[in-house]
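Asks: here is the input, now give the coordinates:
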Amino acid sequence: MANIRKVQYTLFGMLAFYMITGIGALVLANMWLSSEMAPREAVISREIERAGAIIGGIVAATGLVGFVGAIAPIRRKDFLLAFIVLLIAVILAELGLGGVIWFKTLRMRSVFQDKWTNEWALSLKAAFQDMTSLSGYGQCCGYAIRGDMVPSESCGPSTPVEIPVCAEKISAFADGYLRKLFTSLFGFTIVNVFVFVTTVILIQTRNDEERYIRIGKKEGRTYMDSI
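Replies: Numbers count the residues shown, from 1 in each chain. Purely as a prediction, here's the structure:
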């Protein structure tokens, strides 16, 4: 019984951390969805934000299933098995979203050139030109050439020629956001793998404990405190 208790407590800790990651992702995604920050919206689409919110909610919900099973693993093996299946689905979903984000990093320059020319509103272009919060990058004008610039606080007919174009700054801004998201998803996946392994160990331990209980009952022993 001591072994199963030890594995139980380990899984409780892992599940708590697992649920924190889900709740954190859910809260952050909802904050992004409820606010408008033009430069960020150019990099992280609403679809990615919604996917993050959905995955975060699923993680929090599946964590509850894991807790229900872990509280009484001998009597609630079905909950543990269901949690394993759900956890695999979560891992695949996170890897899929991470793959989408990684693919975006490979196509950034060509995509942003097209978006600057054909899609982005003048206000968004102006926001990128005037942005000074990105470390190492100041004001800029235009995307690839000065002829791309739009009127803003930083750019106009009298703008000094020394001010660079915005391609490098926009790529650096996007790369920073996407890499943080990709790294976070990778970290969440590592947590999920540890939770998966711990759950499998608990299932195996409860199977051994259940076998001992059955043998003990045949020999006339009672187990009032069995979990």
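Asks: what stretches of the protein score poorly on pLDDT?
Replies: 1-2, 36-38, 217, 219-227 (pLDDT under 70).
Asks: what residue is smack in the middle of it?
Replies: For the chain, the residue nearest the mean C-alpha position is Leu185 (4.0 Å; CA atoms, centre = their mean).
Asks: now do the contacts for that residue.
Replies: Residues counted as contacts of Leu185 (CB atoms under 8 Å, 6 or more residues apart in numbering) are Glu94, Leu95, Leu97, Gly98, Ile101. Just so you know, the C-beta spots here come from the backbone N, C-alpha and C atoms, and that holds for glycine as well.
Asks: can you redo those as JSON lines with distance to Trp32 and secondary structure?
Replies: Listed next are the contacts of Leu185 as JSON lines, based on distance: CB to CB, whole Å; DSSP: H, G, I helix; E, B strand; the rest coil:
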{"residue": "Glu94", "distance to Trp32": "17", "secondary structure": "helix"}
{"residue": "Leu95", "distance to Trp32": "21", "secondary structure": "helix"}
{"residue": "Leu97", "distance to Trp32": "14", "secondary structure": "helix"}
{"residue": "Gly98", "distance to Trp32": "17", "secondary structure": "helix"}
{"residue": "Ile101", "distance to Trp32": "14", "secondary structure": "helix"}
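Asks: returning to what we had before: please report how far the residue nearest to the centre of the chain lies from Leu106.
Replies: 16 Å (CB to CB, to the nearest Å).
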